[in-house]
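> Have a look; sequence and predicted model below, questions after that.
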Amino acid sequence: MLSGERKEGGSPRFGKLHLPVGLWINSPRKQLAKLGRRWPSAASVKSSSSDTGSRSSEPIPPPPPHVELRRVGAVKAAGGASGSRAKRISQLFRGSGTGTTGSGGAGGPGTPGGAQRWASEKKLPELAAGVAPEPPLVTRATAPPGVLKIFGAGLASGANYKSVLATARSTARELVAEALERYGLAGSPGGGPGESSCVDAFALCDALGRPAAAGAGSGEWRAEHLRVLGDSERPLLVQELWRARPGWARRFELRGREEARRLEQEAFGAADGEGTGAPSWRPQKNRSRAASGGAALASPGPGTGSGAPAGSGGKERSENLSLRRSVSELSLQGRRRRQQERRQQALSMAPGAADAQIGPADPGDFDQLTQCLIQAPSNRPYFLLLQGYQDAQDFVVYVMTREQHVFGRGGNSSGRGGSPAPYVDTFLNAPDILPRHCTVRAGPEHPAMVRPSRGAPVTHNGCLLLREAELHPGDLLGLGEHFLFMYKDPRPGGSGPARPPWLPARPGATPPGPGWSFSCRLCGRGLQERGEALAAYLDGREPVLRFRPREEEALLGEIVRAAAAGAGNLPPLGPATLLALCVQHSARELELGHLPRLLGRLARLIKEAVWEKIKEIGDRQPENHPEGVPEVPLTPEVVSVELRPLMLWMANTTELLSFVQEKVLEMEKEADQEDPQLCNDLELCDEAMALLDEVIMCTFQQSVYYLTKTLYSTLPALLDSNPFTAGAELPGPGAELGAMPPGLRPTLSVFQAALELTNQCELHPDLVSQTFGYLFFFSNASLLNSLMERGQGRPFYQWSRAVQIRTNLDLVLDWLQGAGLGDIATEFFRKLSMAVNLLCVPRTSLLKASWNSLRTEHPTLTPAQLHHLLSHYQLGPGRGPPSAWDPAPAEREAVDTGDIFESFSSHPPLILPLGSSRLRLSGPVTDDALHRELRRLRRLLWDLEQQELPANYRHGPPVVTPP
């Protein structure tokens with residue numbers, strides 16, 4: 001129905017009709033309608049009821065489709081009856097040739113042809129029985145326009161009102177311009193924005209009043225209620241929506257805009273102060289859910305027009321008033337008995353009704369009483385107001401009309417070029433409510449979710465809500481310092497727990513011990529119960545680490561310090577697990593802006609710890625030794641001890657970075673996309689993750705530097721050692737390190753130490769592969785450069801020497817294959833293997849080969865490297881290379897200018913691992929060392945909290961007493 005419509009431009013008005021939309025009350029003449037929005041326009045606030053017709057005119061043409069649909073919804077909601085109820089009496093005489101036109105305003109007989117109209121309407125009892133029901137409004141044919149009376153309120157002398165031609169599409173601004181032209185004032189009928197300052201200075205007002213002497217043929221107009229129509233409202237449609245009660249009349253007045261606004265504000269202020277049930281503004285059988293009456297106009301100016309129909313006597317006036325009702329109202333006589341029964345049933349529910357005799361009651365009192373009979377919706381979630389800010393304006397029930405419901409104060413757009421006003425479903429006017437305060441999502445699946453906006457004070461069951469949380473039926477939701485709601489969901493499957501979580505846990509139970517007087521009154525726990533719960537948390541194995549923002553710096557510093565010192569015998573990824581618990585607590589429990597700040601502080605602490613460790617290693621292993629002090633080569637054992645802290649930080653930072661990336665993505669999804677601070681938070685998170693990237697890069701660089709520095713002194717043995725020593729037997733694949741030839745053991749010891757170190761530190765497999773890839777790249781380049789260099793000065797390129805090098809290289813590759821690194825080693829040792837294979841070709845076969853065939857068989861060697869090997873190959877005394885080995889003319893330049901040495905700067909880049917973190921934060925903590933450290937940190941936080949308390953309020957850590 002109307003609840004599904006969307007506001008335009010963020011304005012809390014329904015379309016352009018300014019209808020009062022709310023919870024319509026179930027009175028004898030008003031059926032209950034359930035809507036979920038508040039539309040507090042000037043036409044809807046402070047409304048009660050009225051029944052009499054407002055004008056008689058020819059049928060109006062149908063408005064545009066979007067206006068017509070709203071109008072049909074309003075008429076249906078007004079009474080639940082058919083569209084024929086809004087039919088006017090004069091429609092029965094269409095085509096009769098009377099030539100009458102509709103009159104607006106008070107509906108007085110001042111229009112031309114008024115005598116014929118009244119004479120014709122007196123025949124209604126004779127014709128009403130033969131009238132067919134009118135089709136719905138959406139199917140009506142286009143009708144001619146009507147004539148509205150616009151009273152000038154003293155604009156011109158000698159003229160009470162001016163008649164203007166109006167259609168259903170005519171706006172209030174257009175009619176103001178036309179009326180000003182009729183009064184002889186400046187203004188154009190178009191009345192477009194900015195075309196006439198005179199039109200902007202006046203406003204069309206919908207006035208309700210009555211003559212000074214009721215029942216007299218004429219009298220001084222007394223306006224008691226006034227509402228300023230918006231420039232886009234359509235007066236002809238507004239006039240059709242409701243009619244004045246008997247004894248009251250209605251008309252349109254042209255007043256100065258400033259004067260009209262002042263009178264309207266004074267009227268609302270007077271009505272709020274009096275609290276009387278004055279006649280109301282409302283559509284037929286429609287009631288706003290705001291429990292407020294009409295507005296009394298303060299100091300109205302005297303009018304000269306008559307607002308009530310004039311007649312020659314009381315009898316004729318009574319007949320005229322009855323004839324002015326619609327056809328559907330004339331058929332209500334059969335419903336009087338049922339209406340009276342419902343009236344008595346409603347009055348019987350009032351306090352003291354059992355002792356008082358129910359008799360004829362004032363309709364205004366009954367309308368106010370029916371506002372208390374509110375039936376909650378049965379198919380939509382809603383919020384029940386428990387405490388509000390202004391009782392006269394706050395509603396009792398707020399219905400969710402969409403899956404996502406936004407509470408807020410709303411606001412206007414920030415002007416030209418500014419951002420539009422936030423879309424709000426429920427407007428709350430307390431001063432501490434933000435423009436977009438809180439969002440509730442209640443889809444088909446349960447439970448609902450509630451998310452506060454940044455900086456918005458929101459409580460959930462009495463606890464401060466900082467992040468998105470589940471919202472169950474019966475939960476209490478507090479917004480600011482004034483509003484308190486209870487969430488209800490009548491849909492199937494939406495029932496909450498049997499007892500709301502905010503009720504005492506054990507009402508009426510016997511207190512367990514003397515500590516009951518200090519128990520928490522909200523949760524019902526005694527002092528002993530709370531002590532047991534705290535002790536269970538301090539010693540528990542659940543992966544939870546709770547802290548307050550003020551204790552964050554001390555907690556993070558303690559974790560990083562313990563990890564850098566290697567205290568506590570933590571598991572390899574223990575520091576990352578503890579830091580991830582801190583990140584998880586911040587992401588779940590603390591405010592939205594806390595996580596970026598925590599990540600920045602955490603990244604800086606880790607970077608400082610790593611920098612200190614790198615400096616310590618550099619001091620023990622200087623680049624330049626003092627003169628006269630021999631340099632002691634690094635051994636695999638020394639390198640393993642020195643690099644263990646760096647390798648641990650690399651492993652922990654890698655897993656922590658993956659975990660942080662997941663939490664930042666979750667924060668971006670959960671955060672309100674209209675939050676202006678979201679971009680700033682994401683930038684802070686990116687800076688923190690960039691620091692963690694830098695830590696990983698530095699630890700990787702330092703690790704491979706010291707490993708390659710150790711390899712540099714052991715690699716030459718692969719070119720010089722002879723594996724075919726006397727009595728030696730070559731080991732097979734998968735042999736132990738001790739069974740390898742002595743010349744290969746130092747190099748393989750470095751590889752084994754690096755492999756054991758990565759396994760002990762639980763380094764990510766991708767980083768393990770890249771670490772050994774860099775080591776193999778360095779070994780290949782170093783050995784190939786040594787091979788190229790040795791062939792220049794002395795005879796080295798011989799078949800016998802090449803066979804020894806090939807055997808050593810095969811033994812190394814076989815050992816690496818047994819260690820699980822065979823594929824990586826084969827890939828990076830490809831060029832060295834190709835060069836050694838060339839030298840292992842028998843001399844006779846090599847002499848038969850040509851340059852082109854050798855280039856095809858050894859593609860990884862550059863032309864300069866291949867020419868260098870061939871030109872220095874030892875064919876025998878006095879024999880030079882054959883002419884078939886000469887490079888092709890196309891490659892001569894590459895041979896002359898090419899470099900025969902491999903560059904160490906072409907190493908593969910470091911690629912950080914992708915995918916989810918390997919940290920497991922679900923389930924109990926099984927590692928005893930990690931559990932001990934977790935207990936120590938929890939008690940540290942307890943001590944920090946106790947230090948803030950006065951001495952007489954401090955307590956030691958609670959201890960669980962055995963049963």
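Ah, there it is. This is a predicted model, so every value here is computed, not measured.

> right, and the secondary structure at residue 901 would be what?
coil (DSSP: H, G, I helix; E, B strand; the rest coil).

> Tell me, how many residues neighbour it?
14 (other Cβ atoms under 10 Å). (C-beta placed from N, C-alpha, C; glycine too.)

> Contacts only, for it.
Residues in contact with residue 901, defined by Cβ atoms under 8 Å, 6 or more residues apart in numbering, are 784-785, 788-789.

> how far away is it from residue 859?
19 Å (Cβ to Cβ, to the nearest Å).

> Residue 146 now?
Taking Cβ to Cβ, one finds residue 146 at 95 Å from residue 859.

> State the pLDDT value of residue 596.
We have a pLDDT of 93 for residue 596.

> for residue 439, that is, sorry about that
pLDDT, read off for residue 439, is 92.

> Same question for residue 804.
pLDDT, read off for residue 804, is 92.

> again, but for residue 574
Reported pLDDT for residue 574: 94.

> Count the neighbours of it for me.
Neighbourhood size, residue 574 [other Cβ under 10 Å]: 21.

> Next up, the contacts around the nearest residue to it once chain neighbours are set aside.
Among residues not flanking residue 574 along the chain, residue 930 sits closest, at 5.0 Å (Cβ to Cβ, 6 or more residues apart in numbering). Contact partners of residue 930, counting by Cβ under 8 Å, 6+ apart, are 570-571, 574, 577-578.

> try it again with 10 Å
Residues in contact with residue 930 (Cβ atoms under 10 Å, 6 or more residues apart in numbering) are 541, 543, 568-571, 573-575, 577-578.

> ok, back up a step: just the buried subset of the contacts of residue 901, written out for ChimeraX, thanks.
Buried members of these, defined by 16 or more other Cβ atoms under 10 Å, are picked up in ChimeraX with:
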select :784,785,788
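
> In helices, which of the contacts of residue 901 appear?
Under the assignment DSSP state H, these contribute 784-785, 788-789 to helices.

> More neighbours: residue 146 and residue 859, which one.
Ranked by neighbour count (other Cβ under 10 Å), residue 146 and residue 859 place residue 146 first, with 27 against 9.

> so what's the backbone phi/psi at that one?
phi -110, psi 170 (degrees, to the nearest 10).

> ditto for residue 170
Main-chain dihedrals, residue 170, degrees, to the nearest 10: phi -70, psi 130.

> Could you give the number of residues near it?
Residues near residue 170, counting by other Cβ under 10 Å, number 20.

> next one: residue 845
8.

> what do you get for the one 5 residues further on?
Applying the criterion other Cβ under 10 Å, we find 14 residues in the vicinity of residue 850.

> Give the next helix or strand downstream of the lengthiest strand in the chain.
For the chain, the strand with the greatest residue count under DSSP state E is strand 202-211. Later in the chain than strand 202-211, the nearest helix or strand by DSSP states H and E is strand 221-228.

> could you point out where the stretch 151-300 of the chain is predicted with low confidence?
Where the stretch 151-300 of the chain drops to pLDDT under 70, the residues are 153-154, 156-159, 186-196, 211-220, 267-300.

> What segments of it are strands?
Ranges of strands in the stretch 151-300 of the chain, per DSSP state E, counting those that start in this stretch, are 161-166, 202-211, 221-228, 249-256.

> Indicate which one of those strands is closest to residue 184.
strand 161-166 (9.8 Å; Cβ to Cβ).

> Thought residue 775 was touching residue 708, still the case?
Yes - taking contacts as Cβ atoms under 10 Å, residue 708 lies within contact range of residue 775: 6.5 Å.

> tell me, what's touching the two both at once?
By Cβ under 10 Å, 6+ apart, residue 708 and residue 775 have these common neighbours: residue 750.

> Who has more neighbours out of the two?
Between residue 708 and residue 775, residue 775 has the larger neighbour count (other Cβ under 10 Å), namely 23 against 18.

> so residue 379, which of the three states?
coil.

> Report the spatially closest residue to it, excluding sequence-adjacent ones.
Ranked by Cβ to Cβ, 6+ apart and with sequence neighbours excluded, the top spatial neighbour of residue 379 is residue 491, at 6.6 Å.

> okay, now the one you found: neighbour count?
Around residue 491 there are 16 residues (other Cβ under 10 Å).

> same check, this time on residue 782
Other residues near residue 782 come to 19 when the count uses other Cβ under 10 Å.

> Give me the pLDDT for it.
pLDDT, read off for residue 782, is 95.

> Double-check it against residue 902; I have them as touching.
Yes - contact criterion Cβ under 10 Å: residue 782 and residue 902 qualify, at 8.3 Å.

> okay, and the common contacts of the two?
Shared contacts of residue 782 and residue 902 (Cβ under 10 Å, 6+ apart): residue 832.

> For residue 260, give me its contacts.
Per Cβ under 10 Å, 6+ apart, neighbours of residue 260: 153, 202-205, 207, 226-229, 253-254.

> what about 7 Å?
203, 205, 228 (Cβ atoms under 7 Å, 6 or more residues apart in numbering).

> Same question for residue 453.
Counting by Cβ under 7 Å, 6+ apart, residue 453 makes contact with 434, 436-438, 672, 675.

> Also residue 912?
Residue 912 touches 693, 696, counting by Cβ under 7 Å, 6+ apart.

> The same query, at a cut-off of 8 Å, please.
Taking Cβ under 8 Å, 6+ apart as the test, what residue 912 contacts is 654, 657, 693, 696, 766.

> residues near the second one, how many?
With neighbours defined by other Cβ under 10 Å, the count for residue 657 comes to 22.

> one step back: wait, the residue nearest to residue 379 sits on residue 380?
Yes - contact status for residue 491 versus residue 380: in contact at 7.5 Å, counting by Cβ atoms under 8 Å.

> how about low-confidence regions in the stretch 351-500 of the chain?
Scanning the stretch 351-500 of the chain residue by residue, the ranges that satisfy pLDDT under 70 are 351-373, 411-421, 494-500.
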